[in-house]
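Asks: Need coordinates for the below:
(one chain, ligands or ions: 1)
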Amino acid sequence: MSFTQFNLDSRLNAAIKRAGFIKPTPIQTSAIPLALAGHDLIGTAQTGTGKTAAFVLPILQKLLKVPGKRTRALIITPTRELAEQIHQTIGLFSTGTKIRSVAIYGGVGANPQIEALRRGAEIIVACPGRLLDHMQNKHANLGTIETLVLDEADRMLDMGFLPDIKRILRQVPKQRQTMLFSATFPQEIVQLASQTTNNPKRVSIGIVRPAHTVDHTLFPVPHHLKKQLLIRILDQTDTKSILIFTRTKHRAQNLLKKIKRTKYKVTSLHGDRTQGQRRQALNGFKNGKYQIMVATDIASRGLDIDGISHVINYDMPATADAYIHRIGRTGRAQRTGEAYTFMTPDDLVLVQKIEKIMKEKLPKKTLSDFDYTVPKPENQQKPRKRQPRTVTSQR
Ligand code: AMP
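Replies: Numbers count the residues shown, from 1 in each chain. Have a look, this model is predicted:
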């Protein structure tokens, strides 16, 4: 299968070539023809599979085929970073056309977005909260939308965006094409899918399982020795590009401080940082200014960061699904990657769940030169209990 078989506009084919895409990925092979034929879609696709181009290319094709200067496509996505990333992908593929997209998200000034909306954009890529603000202030008009994409729907549910999405949907014409992507389908998403799609085709690239290009290792460790073990592992690892996940933003900040005292260049990405800081952290990590980024789960979905060699789960994620998304940040696009997970006695049940999904037992590793028997200092507080994953303010 090659991209030319989709019969896309020659400008899109040229952009695909420029992007260096040679063969469509499996999700693109199945989703693009259906989307081009105008079907509604419900897609199950792991991030890193080429999902973005699978919905962006059909949208652009549709806009080019029947030109029209109004807001015609709306893509709703959970995080600011994802909105920015999708907006950039649109920019990449629409070079040489007059199609404009605008990214709408909070944490940055509203005025440039209002200006862009006023100038006109055929595509809006938005996070729900800020989009609602613009709608209420009559800066965004969704009355001419022809295509709607709900990206990472389960993540939006987790982040409490479902009521916002429902309010947005009331302003979008019922006569439209809808594509909904989700990694998992809890009851609320099944319901959302049935409310928003019409006779949808299902595209799936199979069970959401981690990329086979990733090697997984568990590092059993008592809670109070995690920091020491991490530093020891960093010292023994080729630390080119390492993403470390913690459970809460406070733990991310604490760990950041600890790593900063060592020789490593480190940054952090979590919900307590301003949008400018988040962008600066992400760009610095992408371009190699920082070797290490400490992040909460805000960074685990969809972010397209090339060449991450290691993902370290300093804290076990709250669910097996979150584990898969976190380690999906490495081993992308046929590269190999390592996923290291710190495992305390409390994590046993979750490890078993992950092993069930992976259909394999994960190897455990202990460092021969690390003293695991150092007792907990008297004054060290008991770690706080794990928060349910819906408590997004922790991230
Ligand atoms: P996504 O799942 O949309 O975040 O895409 C993951 C990565 O795969 C991005 O860096 C894309 O640029 C890249 N990609 C998407 N489709 C293809 C393709 N057909 N060939 C090569 N790389 C691709």
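
Asks: what's the worst-scoring helix or strand of the chain on mean pLDDT packed up against?
Replies: Least confident helix or strand of the chain, by mean pLDDT, DSSP states H and E, is helix 320-327 with a mean of 78. If you count contacts as 3 or more C-beta pairs under 8 Å, 6 or more residues apart in numbering; DSSP states H and E, helix 320-327 packs onto strand 310-313, strand 337-343, helix 348-358. From N, CA and C alone the C-beta is placed, and that goes for glycine too.

Asks: next one: phi and psi at residue 177?
Replies: According to degrees, to the nearest 10, the main-chain angles of residue 177 amount to phi -100, psi 130.

Asks: which residue sits closest to it in space, ignoring its chain neighbours?
Replies: In this structure, residue 177 finds its nearest non-sequential neighbour in residue 147, 4.7 Å apart by C-beta to C-beta, 6 or more residues apart in numbering.

Asks: How much space separates that neighbour from residue 92?
Replies: Per C-beta to C-beta, to the nearest Å, residue 147 is found 19 Å from residue 92.

Asks: What are the structural domain limits within this protein?
Replies: 3-205, 214-366 (automatic domain parsing).

Asks: Go through those and name the closest to residue 374.
Replies: Residue 374 lies closest to domain 214-366 among the domains of the chain, at 6.2 Å (C-beta to C-beta).

Asks: Pull up the distance across the closest one, start to finish.
Replies: End-to-end distance for domain 214-366, by C-alpha to C-alpha, to the nearest Å: 19 Å.

Asks: Report all helices and strands that the helix or strand that residue 215 is a member of contacts.
Replies: Element membership of residue 215 [criterion: DSSP states H and E] is strand 214-220. Applying 3+ C-beta pairs under 8 Å, 6+ apart, one finds that strand 214-220 contacts strand 337-343.

Asks: can you state the direction angle for the strand it packs on and helix 320-327?
Replies: Angle of strand 337-343 versus helix 320-327, following axes from the mean of the first three to the mean of the last three C-alpha atoms, to 10 degrees, is 140 degrees.

Asks: any idea how far strand 337-343 is from the chain center?
Replies: Centre-to-centre, strand 337-343 and its host chain are 19 Å apart (C-alpha atoms, centre = their mean, to the nearest Å).

Asks: Tell me which residues of the strand holding residue 215 come out buried.
Replies: Judged by neighbour count (16 or more other C-beta atoms under 10 Å), strand 214-220 contains these buried residues: 214, 215, 216, 218, 219, 220.

Asks: relative to helix 348-358, how tilted is that strand?
Replies: If you take the same axes, to 10 degrees, strand 214-220 sits at 160 degrees to helix 348-358.

Asks: Quick check: buried residues in whichever helix or strand comes after strand 214-220?
Replies: Sequence order places helix 226-235 as the next helix or strand after strand 214-220, per DSSP H and E. By neighbour count on 16+ other C-beta under 10 Å, the buried set for helix 226-235 is 226, 229, 230, 233, 234.

Asks: The last one against residue 266, yeah?
Replies: No - Residue 234 lies out of contact with residue 266 (C-beta atoms under 8 Å); the separation is 9.6 Å.

Asks: Give me the angle between the strand holding residue 215 and helix 226-235.
Replies: 140 degrees.

Asks: The helices and strands packed on helix 320-327: which one's closest to the ligand?
Replies: Smallest distance to the ligand across these (C-beta to the nearest ligand atom): 13.7 Å, for strand 337-343.

Asks: quick revisit: what about the strand holding residue 215, distance to the chain center?
Replies: 22 Å.

Asks: average model confidence for that strand?
Replies: Mean per-residue pLDDT for strand 214-220: 90.

Asks: which of the buried residues of strand 214-220 lies closest to residue 272?
Replies: Nearest to residue 272 among the buried residues of strand 214-220: residue 219, at 27.0 Å, using C-beta to C-beta.

Asks: I figured residue 185 hits residue 191, correct?
Replies: No - using C-beta under 8 Å, residue 185 is not in contact with residue 191, being 10.0 Å away.

Asks: More neighbours: which of those two?
Replies: residue 185 (16 against 12; other C-beta atoms under 10 Å).

Asks: A helix includes the more buried one, no?
Replies: No - counting by DSSP: H, G, I helix; E, B strand; the rest coil, residue 185 falls outside a helix, being coil.

Asks: how near is residue 164 to residue 131?
Replies: Distance from residue 164 to residue 131, counting by C-beta to C-beta: 8 Å.

Asks: When residue 147 and residue 92 are compared, which one has more neighbours?
Replies: Counted by other C-beta under 10 Å, residue 147 and residue 92 do not tie: residue 147 has more neighbours, with 21 against 14.

Asks: bridging residues for the more buried one?
Replies: Beta-bridge partners of residue 147, counted by DSSP bridges, are residue 73, residue 177.

Asks: What residues does it make contact with?
Replies: By C-beta atoms under 8 Å, 6 or more residues apart in numbering, residue 147 lies in contact with 59, 62, 72, 73, 74, 176, 177, 178, 179.

Asks: please redo it, this time with the cut-off set to 7 Å
Replies: By C-beta atoms under 7 Å, 6 or more residues apart in numbering, the contact set of residue 147 is 59, 62, 72, 73, 176, 177.

Asks: so the first one, which of the three states?
Replies: By that I understand residue 59. helix.

Asks: And it, what's its pLDDT?
Replies: 98.

Asks: One more: the third one?
Replies: The model reports residue 72 with a pLDDT of 98.

Asks: Tell me if I'm right that it and residue 145 touch.
Replies: Yes - counting by C-beta atoms under 7 Å, residue 145 is a contact partner of residue 72 at 6.5 Å.

Asks: Please enumerate the helices of this structure.
Replies: Counting by DSSP state H, the chain has helices at residues 10-19, 26-36, 51-65, 80-93, 111-119, 128-136, 153-158, 162-169, 187-196, 226-235, 249-260, 275-286, 320-327, 348-358.
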